[in-house]
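1. have a look; sequence and predicted model below, questions after that.
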Amino acid sequence: MSYDKNNIFAKILRGEIPCKKIYENEFVLSFYDVNPQKKIHVLVIPKGEYIDLDDFNNKASDKEIVELNKAITHVSSLLGVRERGFRTLTNIGSDGGQEVPHLHYHIFAGEKIGKMVS
Ligand code: AMP
């Protein structure tokens with residue numbers, strides 16, 4: 001499968017559709033999920049064109065991989081959720097429940113997140 005340049009997060013990265021931005025640097029963008037599943041629901045995405053975590057780990061530079069991981073910690077600090085805790089996850093492919101084919105980590109916080117899987 002090749003990267004779909006017209007996926008919604010690619011459009012957000014190009015500034016073609018708006019997002020409620022939390023944080024941005026050379027490597028990553030973080031913004032609020034448009035359809036929050038918990039009190040706080042945020043996404044962290046790489047700026048590079050990666051379909052999912054497998055694609056990212058296979059093709060991204062070490063710097064990009066480090067920066068995406070660090071961004072999760074940084075964004076959780078910005079949100080003020082480090083002390084009470086949060087959950088981060090990434091869905092991969094159809095069995096994983098991935099809807100947008102651009103790698104993204106979800107951050108859920110602000111309340112008890114509950115069962116790990118349903
Ligand atoms: P996933 O099922 O892991 O691919 O998650 C995709 C997420 O993207 C869902 O939680 C959607 O609510 C979210 N989403 C879709 N479109 C947008 C958008 N334009 N801005 C912010 N979040 C979005």
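-> Done, it's in.
2. which parts of the helix ranked longest in the chain are buried?
-> Across the chain, the longest stretch assigned as helix under DSSP state H is helix 62-79. For helix 62-79, burial by neighbour count (16 or more other Cβ atoms under 10 Å) applies to 64, 67-68, 71-72, 74-76, 79. Where you see a C-beta, it was placed from the backbone N, CA and C, and this is true even at glycine.
3. most widely separated two among these?
-> Maximum pairwise distance among these (Cβ to Cβ): 22.4 Å, between Glu64 and Leu79.
4. neighbouring strands - and their directions - for the longest strand seen in the chain?
-> Longest strand in the chain, counting residues (DSSP state E): strand 40-46. Using DSSP bridges, strand 40-46 pairs in its sheet with strand 28-32 (antiparallel), strand 105-109 (antiparallel).
5. re earlier: after the longest helix of the chain, which helix or strand is next?
-> Next helix or strand after helix 62-79 toward the C-terminus (DSSP states H and E): strand 86-89.
6. that next one near the ligand at all?
-> No. Judged by Cβ under 6 Å from any ligand atom, strand 86-89 and the ligand are separated, with a smallest distance of 8.1 Å.
7. the next helix or strand after that strand and the ligand, any residue contact?
-> Using DSSP H and E, the helix or strand that follows strand 86-89 in sequence is helix 93-96. No. Using Cβ under 6 Å from any ligand atom, helix 93-96 never reaches the ligand; the gap is at least 7.6 Å.
8. pLDDT on helix 93-96, on average?
-> Averaging pLDDT along helix 93-96 gives 97.
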